[in-house]
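1. This is the structure alone, sequence omitted:
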């Protein structure tokens, strides 16, 4: 990549970043353009992955070497495209049922071992090692076991939640709230980490080497919004969101 | 006709589902080969499923342009974005990086796609903060617990929060990272495990219903 391309990349990256951030002010054409570009670029990326990682090496190469077995999944895949022809759309069931069958068949053992058995094991196993554990670790192990039972009870609707049952179920809510709070905190920090990354990218694009891309684009956008607020038509934002 | 339209698809889901399930528990080379083959086939069919979505999207935006509906000009940018990635991908045979450095595909990916996707998710940070203001209004004891867990987690992960914690609660000799670690490994784990076990039971039951043809909404209407 030549220096010119790197500078062009910095301008493009800064422009698209600021265009999306402009939505924080209000819905506007810059955001809509960036939004639609995002949709197209995302599809483009997935399409090239499909072409160069699936259709090329998993269909074209085997067929050109005489392995005709891949024709079967290819036909099932092509059958999905009959969804566009209402009279023939039932053919797409062949492809969908294959995906559903394989997904379901694989989901049962995978879920059973990772989300079911191992979670129960993780809860029960520490209780069998209490002799070698510190008092605080024993307390933690008992608290986890107690919490899991309470939460499961909260989701158990075969018994009416009244009296003592309601108390156990209510304790389960507290454990759920701690989990939701922790998950929320982690999500917030992950989003802020992305935000710092974008600010860092804008800072890099603002250097003299990149001909002050961030400052110029930002100034241009501010001028547009000022002029638009004075001379633009009042009314709801035109157009629709990308979907 | 019913046999071709309904029975054969249900037979496919049953045979593929049962064989995939059994193969997982059979420690034999044949079953391992079968799972590998099915995984490869699933990749191929899924790639066509993506194509179905792509064509549908293109149709939708093509119709917007051809009928000049409100905001049709923006639909052009869907195609621009698509070709901005596809053309460099074809020129570089899908390689985004070579020994000499990033290719034009790598350049398009970092300048267009990364910038757009990173910012799109980063913008959500602002909305999460405004949502937090509304949801953190403590109206009950449960809401207070949620607030404390989230507050400690956010506070403990920024340097300013760590300084505040040390100056206010430093005398306890318990660091904020220790408290976060305890929250994440004890009470939060209890809550998470309860949910995961519940989801697992639901997923297993639904999978069995699909394999045995009890759940067949995905087949659509006749």
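-> Thanks, I have the structure now. These figures come from a predicted structure and were not determined experimentally.

2. Going by C-alpha atoms from here, please, whenever you check contacts or count neighbours.
-> Will do.

3. Tell me the confidence at the closest residue to residue B:21 other than its chain neighbours?
-> Of all residues beyond its chain neighbours, the one nearest residue B:21 is residue A:105 (4.5 Å), with distances taken as Cα to Cα, 6 or more residues apart in numbering or on different chains. In this model, residue A:105 is scored at 96, pLDDT.

4. so residue A:105 sits in a strand?
-> No - read with DSSP: H, G, I helix; E, B strand; the rest coil, residue A:105 is helix and lies in no strand.

5. Now do the same contact list for it.
-> B:16, B:17, B:18, B:19, B:20, B:21, B:207, B:211 (Cα atoms under 8 Å, 6 or more residues apart in numbering or on different chains).

6. what do you get for residue A:40?
-> B:77, B:78, B:79, B:80, B:81, B:82, B:83.

7. just checking: which of those residues also lie near chain A?
-> B:77, B:78, B:79, B:80, B:81, B:82, B:83 (Cα under 8 Å from any Cα of the partner chain).

8. count of neighbours near the first one?
-> As a burial measure, the neighbour count of residue B:77 was computed by other Cα atoms under 10 Å in any protein chain shown and equals 23.

9. Quick check: what element follows the helix or strand that contains it along the chain?
-> Element membership for residue B:77 (DSSP states H and E) is helix B:72-91. Toward the C-terminus, helix B:72-91 is succeeded by strand B:97-98 as the next helix or strand (DSSP H and E).

10. The helix or strand just after that following strand: partners in the sheet, and parallel or antiparallel?
-> As assigned by DSSP H and E, the chain's next helix or strand after strand B:97-98 is strand B:101-102. With DSSP bridges as the test, strand B:101-102 is paired with strand B:97-98 (antiparallel).

11. buried residues in the helix holding residue B:77?
-> Using 16 or more other Cα atoms under 10 Å in any protein chain shown as the burial criterion, the residues of helix B:72-91 that qualify are B:72-89.

12. Counting by contacts, list what that helix packs against.
-> Other helices and strands packing on helix B:72-91, by 3 or more Cα pairs under 8 Å, 6 or more residues apart in numbering or on different chains; DSSP states H and E, are helix A:29-49, helix B:29-67, helix B:104-108.

13. Poorly predicted segments of chain B, please.
-> B:135-136, B:222 (pLDDT under 70).

14. Revised request: answer the last question for chain A.
-> Short version for chain A, where the test is pLDDT under 70: A:1, A:234-243.

15. mind listing the helices for it?
-> All helices of chain A, identified by DSSP state H, fall at A:3-21, A:29-49, A:61-64, A:71-80, A:92-111, A:118-124, A:135-154, A:164-205, A:213-231.

16. The fifth one to helix A:71-80, inter-axis angle?
-> Translated: helix A:92-111. Relative orientation of helix A:92-111 and helix A:71-80, computed by axes from the mean of the first three to the mean of the last three Cα atoms, to 10 degrees: 110 degrees.

17. picking that back up, which one of the contacts of residue A:105 has the most neighbours?
-> When neighbours are counted by other Cα under 10 Å, residue B:17 leads those with 29 neighbours.

18. In a markdown table, list the helices of chain A along with distance to residue B:51.
-> Listed next are the helices of chain A as a markdown table, based on distance: least, Cα to Cα, whole Å:
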| stretch | distance to residue B:51 |
| --- | --- |
| helix A:3-21 | 27 |
| helix A:29-49 | 8 |
| helix A:61-64 | 20 |
| helix A:71-80 | 9 |
| helix A:92-111 | 13 |
| helix A:118-124 | 37 |
| helix A:135-154 | 41 |
| helix A:164-205 | 30 |
| helix A:213-231 | 36 |
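
19. Which one of the contacts of residue A:40 is nearest to residue A:19?
-> residue B:77 (13.8 Å; Cα to Cα).

20. Just to check, the closest one is in contact with residue A:31?
-> No - under the criterion of Cα atoms under 8 Å, residue B:77 makes no contact with residue A:31, lying 11.7 Å away.

21. re earlier: minimum distance to residue B:146: which of the helices and strands packed on helix B:72-91 has it?
-> Here helix A:29-49 is closest among these (Cα to Cα), at 33.7 Å.

22. how about that closest one: buried residues?
-> A:29-49.

23. How about stretch B:62-70?
-> Quick answer for stretch B:62-70 (16+ other Cα under 10 Å): B:62, B:64, B:65.

24. Out of those residues, which is nearest to chain A?
-> residue B:64 (10.5 Å; Cα to the nearest Cα).

25. how about the nearest residue to the closest one, chain neighbours excluded?
-> Excluding its sequence neighbours, the residue lying closest to residue B:64 (Cα to Cα, 6+ apart) is residue B:72, at 5.3 Å.

26. got a list of what residue 23 touches?
-> This is for chain A. residue A:31.

27. Chain B, not that one
-> B:31, B:32, B:34, B:35.

28. How about residue B:86?
-> A:44, A:45, A:47, A:48.

29. now do 10 Å
-> A:41, A:43-49, B:80, B:92, B:94, B:105, B:108 (Cα atoms under 10 Å, 6 or more residues apart in numbering or on different chains).

30. just residue B:117 next, same as before
-> So residue B:117 contacts A:17, A:20, A:35, A:38, A:39, A:41, A:42, A:194 (Cα under 10 Å, 6+ apart).

31. repeat that for 8 Å
-> Taking Cα under 8 Å, 6+ apart, one finds residue A:38 in contact with residue B:117.

32. Likewise for the one 4 residues further on?
-> The neighbours of residue B:121, taking Cα under 8 Å, 6+ apart as the test, are A:191, A:194.

33. Look up how far residue A:112 lies from it.
-> 33 Å (Cα to Cα, to the nearest Å).

34. cool, residue B:5 as well?
-> 33 Å.

35. The residue nearest to residue A:92 when sequence neighbours are not counted: neighbour count?
-> The shortest distance from residue A:92 to any non-neighbouring residue, by Cα to Cα, 6+ apart, is to residue A:80 (4.2 Å). Neighbours of residue A:80 under the rule other Cα under 10 Å: 24.
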